[in-house]
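Asker: give me a model of this one.
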Amino acid sequence: IAKHKNTIVHAATGSGKTLAVLVPLLSRLEPRQPLQLLVLVPSRELALQMAAQIDALLHGSPLSMTLILSGLNASGPGRQQRHQQLLQQHRDLEREVSRQRAEVVVATPRTLLGMLNVGEGTPGGGALLLLQLASNLDAIVLDEVDQLLPRPRIQGTDFFTKVDWKGADRARRTQARRKAGPTAQVLRRIIRALDLVHMNRSKKSTHAATRTRLQFVAASATVGKALHRHLQQLLQLPSELELITAAHEPESACNGHSRHRSHKRGRGGVCMPNTLRHLWVETAEETKPLGVALSLCELQPRSALLVVPDDALLNDWVQRLCKAGVQACALHESMGFPVRTDAMAVHTTSDLLRQFH
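Answerer: Model (predicted):
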């Protein structure tokens with residue numbers, strides 16, 4: 001990474017991927033040159049966590065970081081509120097850039113894409129921001145790249161399978177790829193803007209101008225061949241992404257206490273530590289919160305993270321768990337994100353980051 005090579009880091013959770021990626025990139029940034037490093041993460045909660053880590057690493061240095069994400073308004077997810085948030089964050093970033101700050105930008109792809117669309121079709125606005133990114137960027141980090149770039153979905157199927165993909169004709173595959181998520185759209189727009197900047201510099205210079213060398217670094221605990229190949233094609237890289245992995249031997253396997261064999265998976269041969277136990281509880285749909293509460297009572301964990309389906313009623317789960325005697329709280333609320341009942345809701349990313357610290 002320090003040698004400016006395009007890299008994909010595949011290592012187990014907790015192996016130090018984030019620091020391994022950030023330290024060499026941050027160490028070469030120049031003060032008072034905005035928009036040198038862009039870090040994309042799949043969710044606002046991860047964005048806040050990543051921003052806090054970068055903020056700690058930059059403590060005492062002349063470099064600064066700007067956080068771009070949605071969900072800062074407690075009044076609700078209305079279209080007008082979202083647009084106002086985008087405009088405000090766009091103005092805040094413009095101000096930081098004009099002050100020659102914001103050397104590092106942490107963002108969720110959907111919010112950044114919305115900012116790039118501000119004032120679409122007119123000079124300035126998102127078009128100017130895109131041009132500034134293409135002119136100044138030194139590196140782009142794709143954290144949790146498997147979540148940022150999910151596999152394309154074939155229309156008419158509930159989920160991706162190899163059978164669906166093999167059975168689809170070329171037109172359906174092309175259509176599925178074009179309906180890419182916000183991360184792919186952001187990356188394609190930046191790459192096209194890079195080409196325009198290169199062409200413009202070539203016209204102005206009497207000597208042959210070299211294209212700005214933008215480094216891409218992706219990281220995840222889940223990296224398969226399909227994702228590796230998709231990333232290679234999306235970024236239009238002349239050479240193959242260099243794979244980095246961390247040797248990770250399960251502690252129980254080293255001590256000879258393992259009863260189950262841990263299979264190595266993905267490009268980096270990452271395996272799940274055998275010290276983890278996998279349990280399941282069968283219960284009816286209407287009694288699931290009670291089943292979770294009883295399980296937690298039995299396991300007595302120091303803390304627990306409960307993941308529910310996207311269409312689940314989060315507040316209802318929290319209320320039913322609390323009723324069953326579990327001290328439960330929504331993750332975004334515990335991290336400081338405003339809720340509708342919060343009259344003193346924060347409205348800036350700096351306030352949110354300060355509160356999270």
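Asker: okay, CA-based contacts and neighbour counts for the rest of this
Answerer: Fine.
Asker: show me where the stretch 251-357 of the chain has its helices.
Answerer: Along the stretch 251-357 of the chain, the segments classed as helices by DSSP state H, counting those that start in this stretch run 251-255, 288-299, 314-323, 331-334, 349-356.
Asker: so is Leu46 in a helix, a strand, or just coil?
Answerer: What DSSP: H, G, I helix; E, B strand; the rest coil gives for Leu46 is helix.
Asker: burial count for Thr222?
Answerer: 21 (other C-alpha atoms under 10 Å).
Asker: cool, Ala312 as well?
Answerer: Neighbour tally, Ala312, other C-alpha under 10 Å: 10.
Asker: how near is it to Val223?
Answerer: From Ala312 over to Val223 the distance is 28 Å, taken as C-alpha to C-alpha, to the nearest Å.
Asker: the helices of the stretch 251-357 of the chain: which one's closest to Glu120?
Answerer: Nearest of these to Glu120, taken as C-alpha to C-alpha: helix 349-356 at 24.3 Å.
Asker: may I see the buried residues of the closest one?
Answerer: Across helix 349-356, burial judged by 16 or more other C-alpha atoms under 10 Å covers 349, 352-353.
Asker: biggest helix in the chain by residues?
Answerer: Identified as the longest helix of the chain according to DSSP state H is helix 182-204.
Asker: by contact count, what packs against it?
Answerer: For helix 182-204, the packing partners by 3 or more C-alpha pairs under 8 Å, 6 or more residues apart in numbering; DSSP states H and E come out as helix 109-116, helix 125-136, helix 225-235.
Asker: ok, now which ones touch the closest residue to Ser64 other than its chain neighbours?
Answerer: Take Ser64 and drop its neighbours on the chain: the residue closest to it by C-alpha to C-alpha, 6 or more residues apart in numbering is Ala102, 5.2 Å away. Residues near Ala102 by C-alpha atoms under 8 Å, 6 or more residues apart in numbering: 33-35, 63-66, 93, 96.
Asker: what about the closest residue to Arg44 other than its chain neighbours, neighbour count?
Answerer: Nearest residue to Arg44 in three dimensions, chain neighbours excluded: Leu69, at 6.0 Å (C-alpha to C-alpha, 6+ apart). Around Leu69 there are 22 other residues, counting by other C-alpha under 10 Å.
Asker: what about Ala107, how many residues close to it?
Answerer: 26.
Asker: for Ser70, see how far away it is.
Answerer: For Ala107 relative to Ser70 (C-alpha to C-alpha), the value is 9 Å.
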